[in-house]
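**Student:** Here is a sequence together with a model predicted from it:
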Amino acid sequence: MVNEAEAARLQKLIQEFLKRNPELAKSQQLEPLTRGIAAHHAGMLPVWKGLVEELFQQGLIKVVFATETLAAGINMPARTTVISSLSKRTDDGHRLLRPSEFLQMAGRAGRRGMDFQGYVVTVQTRFEGAKEAAYLATSGADPLVSQFTPSYGMVLNLLQTHTLEEAKELVERSFGQYLSTLFLMPERKEIEQKQEELTSVENKLGIYEENDWVNLEQLLAGYEKLREKAKEEKRLLKILQKQAEETRIKEMSLSLSFAVLGTIVSLKGKHVPTAKKSTSEAIPAVLVAKVPGSGQSSNFLCLGRDNRWYVVAAMDVVVLQADLPRLVAVDYMELPVEIDFRLGQCRKGDEVSLALAQQIPVVELPVDAPEVLAQMQKVATVEAQAEEHPVKEWGNPRTLLKGWRRIGMLRAEIDDRQTQLEDKLARHWQEFLNLIEILQYFGCLHGVEPTEIGQACAAIRGDNELWLGLALMSGALEPLDPHHLAAACAGLVTEITRPDSWTRYELSVEVDEALASLRSLRHQLFQVQRRYRVALPVWLERDLIGLVEQWALGVEWQELVENTSLDEGDVVRILRRTLDFLSQIPHVPHLSDALQRNAYRAMQLIDRFPVNESLDNS
């Protein structure tokens, strides 16, 4: 992997490192490191990661097996990046990498000023392959999502120096501006686009002032009401016409059953192909024969005045002139042989039938039923009102109505989007107010004025300043010795992400009792936070903090890590979080001098290698 010159230089740099950090001389990572092979992950000691990064940048490390954290914030470009899996396990289950995660790792490929191009290799598995790799490689970066959340410390510190109104202005101005220019910019742009479309539609309709809109809206509302009324009147007309037609057919069937041959009729319907749809153009005809139809009904053979033979049903007979003399010539008429009497048959007559056809008189069609005529008059009246409506002075009513509806939709959509945008901008202020109520509940605020407990919480930096402040002010930690205090403080700030982690060190009775006395307070804080939908963590770890107590008692590092399942880097992380919390206690107001002195002493006990390590530690 490395040539002789590189191997010699590696040996020299590694030996120099071990002189500064003799405790690591037995590390299993030394042997592959001398051959240019290294690992880099969060479970390593930071001093090891620093060494790997330095050697890699000098070109002495040829292969690094790393987690995706290598890609973040470290200057370690490589000629080739191999991504072993395109998916990852998360708290929400197994999922495909996000485009930004893929691009962050792939971006390591190619050393500036050294490589013309870099190479990215993805390993195919039975779950992911070329399709997923192509998608990730061609996708754009994920949109930025704000992680801003008001905290108890922010609330208390603002209220110590500002009024509530000033605090609101600061929260909305600072974060609101950030959201406006970054997070909510797409939504603002969509609102602007809708507003531009609204203005364009209004201008096309001649709406330049709000009064124009009000006037047109009133006119169109009236016109639309007339149109709806006309539609309803037409619907009623169809119902009445259908009812009248059903009555007519029923009565006609009865009349035809008694009608004698030679009776004068008028034909119009779907079985009369030459008759037009207009009621004024029915065909005068004479009933020549009755023939069996489907079921119990009969069909009728008629000769029309146009000298054509028709086979019709009762529904096709619109007039039966029983008061006119029958044409007796029918009695001597021979039926046409080419007619097979199927309903809808139509055949041209001959010279013999023409003589009879010429005797058929023209008869008047009956008028519609009175209720139909009355409804037709209503329809005509409403249509006339619509035709003369003053909205036509603005233009074509159909075009105006279409534009009017579009304006209404756009205005409603703009209002809805604007409301959603304002809600998002105000959401963080509502969260701020919720935190105020929680702080008031636990006596940290009197109104909006921080109390002594509130001032203590305000002096703390942490994931949940209220929990840490309440624990310190509760008195539960007062009687603890420095090494016990270190362990108890670790319990308040330690988050264990792997439930199967363990240590062989038992927790002392003193620390166990101190943490047990805080459980009721923790449960109460959990309940209140849940009521206000606040998701800030309230840690109270006891299973692993025996490590911190033993470290404070002077146990050697190698022995410490041999008695836990945690990686060395994870142990250092716990100790450093504990050290950070302990370092704040001497500066928290209203705590006893004894607690502050013990915190300072506890800091000294745990602040030793590799907790206080640095790459050039000497």
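**Tutor:** Cool, the structure landed.

**Student:** Pull out the buried positions in stretch 539-559.
**Tutor:** 539-542, 544-553, 557 (16 or more other Cβ atoms under 10 Å). For glycine as for every other residue, the C-beta is placed from the backbone atoms N, C-alpha and C.

**Student:** What of stretch 573-585?
**Tutor:** Buried-residue list, stretch 573-585, by 16+ other Cβ under 10 Å: Arg573, Ile574, Leu575, Arg576, Arg577, Thr578, Leu579, Phe581, Leu582, Gln584, Ile585.

**Student:** May I see those residues arranged in JSON lines, with secondary structure as well?
**Tutor:** Output for the buried residues of stretch 573-585, formatted as JSON lines (DSSP: H, G, I helix; E, B strand; the rest coil):
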{"residue": "Arg573", "secondary structure": "helix"}
{"residue": "Ile574", "secondary structure": "helix"}
{"residue": "Leu575", "secondary structure": "helix"}
{"residue": "Arg576", "secondary structure": "helix"}
{"residue": "Arg577", "secondary structure": "helix"}
{"residue": "Thr578", "secondary structure": "helix"}
{"residue": "Leu579", "secondary structure": "helix"}
{"residue": "Phe581", "secondary structure": "helix"}
{"residue": "Leu582", "secondary structure": "helix"}
{"residue": "Gln584", "secondary structure": "helix"}
{"residue": "Ile585", "secondary structure": "helix"}
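
**Student:** Return the residues in contact with Lys238.
**Tutor:** Shown in contact with Lys238 (Cβ atoms under 8 Å, 6 or more residues apart in numbering): no residues.

**Student:** Are we agreed that it is in a helix?
**Tutor:** Yes - counting by three-state DSSP, Lys238 is found in a helix.

**Student:** Tell me how far it lies from Met376.
**Tutor:** 11 Å (Cβ to Cβ, to the nearest Å).

**Student:** And for Ile264?
**Tutor:** 28 Å.

**Student:** got it, and Gln241?
**Tutor:** Applying Cβ to Cβ to Gln241 and Met376 gives a distance of 9 Å.

**Student:** Pull up the overlap in contacts between the two.
**Tutor:** Contact criterion Cβ under 8 Å, 6+ apart; residues bridging Gln241 and Met376 by contacting each: Asp368.

**Student:** any weak-confidence spans in the stretch 1-150 of the chain?
**Tutor:** Where the stretch 1-150 of the chain drops to pLDDT under 70, the residues are 69-75, 143-148.

**Student:** Helices of that one, start to end?
**Tutor:** Under the criterion DSSP state H, counting those that start in this stretch, the stretch 1-150 of the chain carries helices at the ranges 4-20, 30-34, 46-57, 99-106, 130-138.

**Student:** Which one's more surrounded, Ile264 and Met376?
**Tutor:** Ile264 (24 against 16; other Cβ atoms under 10 Å).

**Student:** so the more buried one bridges to which residues?
**Tutor:** Val286, Gln321 (DSSP bridges).

**Student:** thought it was touching Asp323?
**Tutor:** No - contact criterion Cβ atoms under 8 Å: Ile264 and Asp323 do not qualify, at 9.3 Å.

**Student:** what's the distance between Leu139 and Gln104?
**Tutor:** Just so we're on the same page, residue 139 is Ser rather than Leu. For Ser139 relative to Gln104 (Cβ to Cβ), the value is 13 Å.

**Student:** So the two - more neighbours on which side?
**Tutor:** Neighbour tally, Ser139 and Gln104, criterion other Cβ under 10 Å: the higher count belongs to Gln104, 17 against 13.

**Student:** Verify the stated contact: the more buried one with Glu68.
**Tutor:** Yes - counting by Cβ under 8 Å, Gln104 touches Glu68, with 7.2 Å between them.

**Student:** So which bits of the helix or strand hosting Gln193 are buried?
**Tutor:** Secondary structure assignment for Gln193, by DSSP states H and E: helix 185-204. Using 16+ other Cβ under 10 Å as the burial criterion, the residues of helix 185-204 that qualify are Glu187, Ile191, Lys194, Leu198, Val201, Glu202.

**Student:** And the second one, how close does it get to Arg405?
**Tutor:** Pointing back at Ile191 there. For Ile191 relative to Arg405 (Cβ to Cβ), the value is 20 Å.

**Student:** again with the fifth one
**Tutor:** Applying Cβ to Cβ, the value for Val201 to Arg405 is 10 Å.

**Student:** Output stretch 94-112 as PDB, nothing but the C-alphas.
**Tutor:** What follows is stretch 94-112, C-alpha atoms only, in PDB (Å, rounded to 0.1, in the frame of the first residue of the first chain):
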ATOM      1  CA  HIS A  94     -34.100   1.600   7.200                       C
ATOM      2  CA  ARG A  95     -34.200   4.200   4.400                       C
ATOM      3  CA  LEU A  96     -32.400   5.200   1.200                       C
ATOM      4  CA  LEU A  97     -29.700   7.900   1.600                       C
ATOM      5  CA  ARG A  98     -30.900  11.400   0.900                       C
ATOM      6  CA  PRO A  99     -29.400  13.200  -2.100                       C
ATOM      7  CA  SER A 100     -27.500  15.600   0.200                       C
ATOM      8  CA  GLU A 101     -26.000  12.700   2.200                       C
ATOM      9  CA  PHE A 102     -24.900  11.000  -1.000                       C
ATOM     10  CA  LEU A 103     -23.500  14.100  -2.500                       C
ATOM     11  CA  GLN A 104     -21.600  14.900   0.800                       C
ATOM     12  CA  MET A 105     -19.800  11.600   0.700                       C
ATOM     13  CA  ALA A 106     -19.300  11.600  -3.100                       C
ATOM     14  CA  GLY A 107     -17.900  15.100  -2.900                       C
ATOM     15  CA  ARG A 108     -14.800  13.700  -1.300                       C
ATOM     16  CA  ALA A 109     -13.700  12.200  -4.600                       C
ATOM     17  CA  GLY A 110     -11.100  14.300  -6.500                       C
ATOM     18  CA  ARG A 111      -8.200  16.100  -4.900                       C
ATOM     19  CA  ARG A 112      -8.000  19.800  -5.900                       C
END
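
**Student:** ok, and for that stretch, which residues are buried?
**Tutor:** For stretch 94-112, by 16+ other Cβ under 10 Å, it's Leu96, Leu97, Pro99, Glu101, Phe102, Leu103, Gln104, Met105, Ala106, Arg108, Ala109, Gly110.

**Student:** With stretch 411-424 instead?
**Tutor:** For stretch 411-424, by 16+ other Cβ under 10 Å, it's Ile414, Arg417, Leu421.

**Student:** cool, and stretch 435-448?
**Tutor:** Quick answer for stretch 435-448 (16+ other Cβ under 10 Å): Leu435, Ile436, Ile438, Leu439, Phe442, Cys444, Leu445, Val448.

**Student:** Give me the local confidence score for the first one.
**Tutor:** Among the per-residue scores, Leu435 holds a pLDDT of 97.

**Student:** what does the fourth one give?
**Tutor:** Per-residue confidence at Leu439 stands at 97 (pLDDT).

**Student:** Mind giving me the packing neighbours of whichever strand or helix holds it?
**Tutor:** In the assignment (DSSP H and E), Leu439 maps to helix 397-441. Contact partners of helix 397-441 among helices and strands, from 3 or more Cβ pairs under 8 Å, 6 or more residues apart in numbering; DSSP states H and E: helix 152-161, helix 164-178, helix 185-204, helix 210-258, strand 445-446, helix 519-531.

**Student:** Perfect, that will be all.
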